[in-house]
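Undergrad: 3D, please:
(one chain, ligands or ions: 2)
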Amino acid sequence: MTDLNPARILAIETSCDETACAVLENGRALLSSVVASQMDIHARYGGVFPEVASRQHVLSIMPVVEQALNKAHLTLNDIDAIAVTQGPGLAGSLIVGMNMAKGMALALGKPLVGVNHLEGHLYSAWVCDAGEDAPPEPQFPLMALLVSGGHTELNLMTDHLTYQRLGSTLDDAAGEAFDKVARLLELPYPGGPSIQKSAEEGDPERFHFPRAWLDGTWNFSFSGVKTSVLYEVRELQKKSKSLPTPDLAASFQQAVIDVLFKKTMDAAREFGAKEILVAGGVSANRPLRQVFKSQAEFPVHIPPLSLCTDNAAMIAAAGYYRYALGHISGLEMDILPTWPLS
Ligand code: KG4
Ligand code: ZN
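TA: Ligands and ions are numbered 1, 2, ... in the order given. As a prediction, the model looks like this:
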């Protein structure tokens, strides 16, 4: 455990289509985490509808904060600081959480801590349920693979809040590729879990989709593999064959996992990392988790499924370190976070 001052953080996350609030102690022990998902509402549009998302956040934010406090058996007076996702994300969604957090901080006279959403994802690896035996904390230097719907990045984390971005995607993020390929294959939204489910019945070696290694860089590219799936689908449709959807899903999934895994391992070796961290929505993917856990030659930290996709516990964890180490944004903060933050 860290020797930083103890603190109880209440965090709010509204960057996309989840309204979330959590209470966390000392950067690790989760007292409560509430996530109101809008997934069913956006499913009918096949993706997140920004205006609908922000209106839904307005409706959900108060009950979600109340629930998080009730579940933690605390009142606002028991909270030391408020953390909130500052960005990146949908402006109309972020503003709802930021205004709520600013209002609470101002009314309570408590510090306000702005958290970058990507930093939040990385800190999901520090969170564990209060009352349970905590697994070992990630050790620096840490090679962190962030794979979400909007980002795919390799960051070397040399200390708390200290990142060196080695590479990122040149086009689609890994999660975005999952979502687009799912749409191509007429699988339901959200695409990642649908591809995973369909792939369970499929042969990952039936189609050989390209792996963009981008040798000599730590960048990624996933638009090529997505386009290959599109061409394969068109070819099959031209021959009026019914689509072998599970095989297409499994082969696509395997191509993405191969690249994510190998590049992360190579980077870890090259930069002398002690351990690996994988976070973000795509880290919920079961075969990806299996590959990292069974084949990596380093200790691997992957958050539990509930903390892979968007949640406020991760924002509270990052918020704790920002608070305890004195990196506090204050009420003047705007939706303009920089990344990486060091
Ligand atoms: O981190 P996240 O909840 O939101 C962003 O910050 O973007 O990530 C959402 C992304 C979506 O693209 C979704 O399809 C993907 O994570 N995802 C998955 C799985 N669960 C969610 N991708 C692959 N396999 C999954 N099981
Ligand atoms: Zn996210």
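Undergrad: only C-alpha atoms for contact and neighbour calcs from this point on.
TA: Noted.
Undergrad: so how far is the helix or strand harbouring N155 from its chain's centroid?
TA: Assessed by DSSP states H and E, N155 sits inside strand 152-159. The chain centre lies 14 Å from the centre of strand 152-159; the measure is CA atoms, centre = their mean, to the nearest Å.
Undergrad: show me how far stretch 186-194 is from its chain's centre.
TA: For stretch 186-194, the distance to the chain centre is 17 Å (CA atoms, centre = their mean).
Undergrad: can you get me the start-to-end distance on that stretch?
TA: Distance between the two ends of stretch 186-194: 10 Å, counting by CA to CA, to the nearest Å.
Undergrad: isn't C128 right next to A29, touching?
TA: Yes: assessed by CA atoms under 8 Å, C128 is found in contact with A29 at 5.4 Å.
Undergrad: which residues are in contact with both of the two?
TA: Where contact means CA atoms under 8 Å, 6 or more residues apart in numbering, no residue is in contact with each of C128 and A29.
Undergrad: distance check, the residue lying closest to L187 once chain neighbours are set aside against ligand 1.
TA: Spatial nearest neighbour of L187, excluding adjacent residues (CA to CA, 6 or more residues apart in numbering): S194 at 6.1 Å. S194 sits 8 Å away from ligand 1, going by CA to the nearest ligand atom, to the nearest Å.
Undergrad: next, the contact list for S194, please.
TA: 182, 187-188.
Undergrad: which residues touch A199?
TA: Here A199 is in contact with 246-251, 253 (CA under 8 Å, 6+ apart).
Undergrad: check the residues you listed one by one and keep those near ligand 1.
TA: Checking the contacts of A199 against ligand 1 by CA under 6 Å from any ligand atom, not one of them is in range.
Undergrad: now the strands for this structure?
TA: Listed in chain order, the strands of the chain (DSSP state E) span 8-13, 18-25, 29-37, 81-87, 112-116, 128-129, 142-147, 152-159, 162-168, 275-279, 300-301.
Undergrad: okay, these in a markdown table with mean neighbour count and mean pLDDT next?
TA: Shown next, in a markdown table, are the strands of the chain (neighbours: other CA atoms under 10 Å; pLDDT from 0 to 100):
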| stretch | mean neighbour count | mean pLDDT |
| --- | --- | --- |
| strand 8-13 | 31 | 98 |
| strand 18-25 | 28 | 97 |
| strand 29-37 | 22 | 96 |
| strand 81-87 | 29 | 96 |
| strand 112-116 | 28 | 95 |
| strand 128-129 | 18 | 94 |
| strand 142-147 | 27 | 98 |
| strand 152-159 | 22 | 97 |
| strand 162-168 | 17 | 96 |
| strand 275-279 | 26 | 98 |
| strand 300-301 | 24 | 98 |
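Undergrad: so which of those strands gets nearest N219?
TA: Across the strands of the chain, N219 has its closest neighbour in strand 162-168 (4.3 Å, CA to CA).
Undergrad: could you say what helices and strands that closest one packs with?
TA: Secondary-structure packing of strand 162-168 (3 or more CA pairs under 8 Å, 6 or more residues apart in numbering; DSSP states H and E): strand 152-159.
Undergrad: same for the strand it packs on, what does it pack against?
TA: strand 142-147, strand 162-168.
Undergrad: nearest to G109, out of those?
TA: That would be, of the helices and strands packed on strand 152-159 and by CA to CA, strand 162-168, which comes in at 28.6 Å.
Undergrad: the closest one vs strand 142-147, what angle?
TA: Orientation check (axes from the mean of the first three to the mean of the last three CA atoms, to 10 degrees): strand 162-168 against strand 142-147 gives 50 degrees.
Undergrad: so what strands line up beside strand 162-168?
TA: strand 152-159 (antiparallel) (DSSP bridges).
Undergrad: does ligand 1 sit close to the strand it pairs with?
TA: No: Strand 152-159 does not reach ligand 1 (CA under 6 Å from any ligand atom); its nearest approach is 9.5 Å.
Undergrad: okay, the angle between the strand holding N155 and strand 275-279?
TA: Going by the same axes, to 10 degrees, strand 152-159 makes 130 degrees with strand 275-279.
Undergrad: what lies in contact with strand 152-159?
TA: Looking at strand 152-159 with CA under 8 Å, 6+ apart, the contacting residues turn out to be 140-147, 163-169, 173-174, 218-220, 264, 271, 273.
Undergrad: hey, C-alpha coordinates of it in PDB?
TA: Extracted C-alpha coordinates of strand 152-159, given in PDB (Å, rounded to 0.1, in the frame of the first residue of the first chain):
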ATOM      1  CA  THR A 152      -5.600   2.300 -28.500                       C
ATOM      2  CA  GLU A 153      -2.300   3.200 -26.900                       C
ATOM      3  CA  LEU A 154       0.900   1.900 -25.400                       C
ATOM      4  CA  ASN A 155       2.100   3.900 -22.500                       C
ATOM      5  CA  LEU A 156       5.100   3.400 -20.300                       C
ATOM      6  CA  MET A 157       4.200   4.300 -16.800                       C
ATOM      7  CA  THR A 158       7.300   5.000 -14.800                       C
ATOM      8  CA  ASP A 159       5.500   6.200 -11.600                       C
END
